[in-house]
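Chemist: everything below, folded, please.
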Amino acid sequence: MLDRVGFILEPVLAVSTNALEFGASDSELTFEVQNLGQSTLNWAIDPTAFPAWLNATPLRDATVGGTPTSVLVWIDRDEMTAGEYNHAFTVYSTYGQATINVHATVAP
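Modeler: Okay, the predicted model is just below:
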């Protein structure tokens, strides 16, 4: 729904990226959850779907239009053996959802 000057009134979920590439050395990366609308956007990430080596914070927030929330995602390389790791998780809201794909490499 638009107001009289064309601004979107309802919340609209957006994320700054849909892929986090940890490679062989990074252990922490961030992405932003954004609200492209004007009303408050309540969003959440379900950590029960995370493997033991993946974590994120915050797992939920209320984001007002124009003010993104930075989400820290980190991997625990002590929980990983040598190999390639891929996992996807979802940012949920009542106004849409977004999938974040995670990739990491652990050297032998």
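Chemist: how about Ser25, phi and psi?
Modeler: Backbone dihedrals for Ser25, given as degrees, to the nearest 10, come out at phi -130, psi -30.
Chemist: from Gln97, how far out is the residue nearest to Pro11 when sequence neighbours are not counted?
Modeler: In space, and not counting its chain neighbours, Pro11 is closest to Leu41: 3.5 Å by Cβ to Cβ, 6 or more residues apart in numbering. The way it works is simple: take the backbone N, C-alpha and C, and place the C-beta from them, glycine included. Distance of Leu41 to Gln97, given as Cβ to Cβ, to the nearest Å: 12 Å.
Chemist: can you check which residues contact both of those two?
Modeler: Counting by Cβ atoms under 8 Å, 6 or more residues apart in numbering, the common neighbours of Leu41 and Gln97 are Leu13.
Chemist: which of those two has more residues huddled nearby?
Modeler: Neighbour totals were compared for Leu41 and Gln97, and Leu41 leads with 25 against 12 (other Cβ atoms under 10 Å).
Chemist: list the residues that contact the more buried one.
Modeler: Contacts of Leu41 by Cβ under 8 Å, 6+ apart are 11-13, 33, 35, 62-65, 93, 95.
Chemist: same thing but 6 Å
Modeler: Residues in contact with Leu41, defined by Cβ atoms under 6 Å, 6 or more residues apart in numbering, are 11, 35, 63, 93.
Chemist: how far away is it from Thr63?
Modeler: When Leu41 is compared with Thr63 (using Cβ to Cβ), they lie 5 Å apart.
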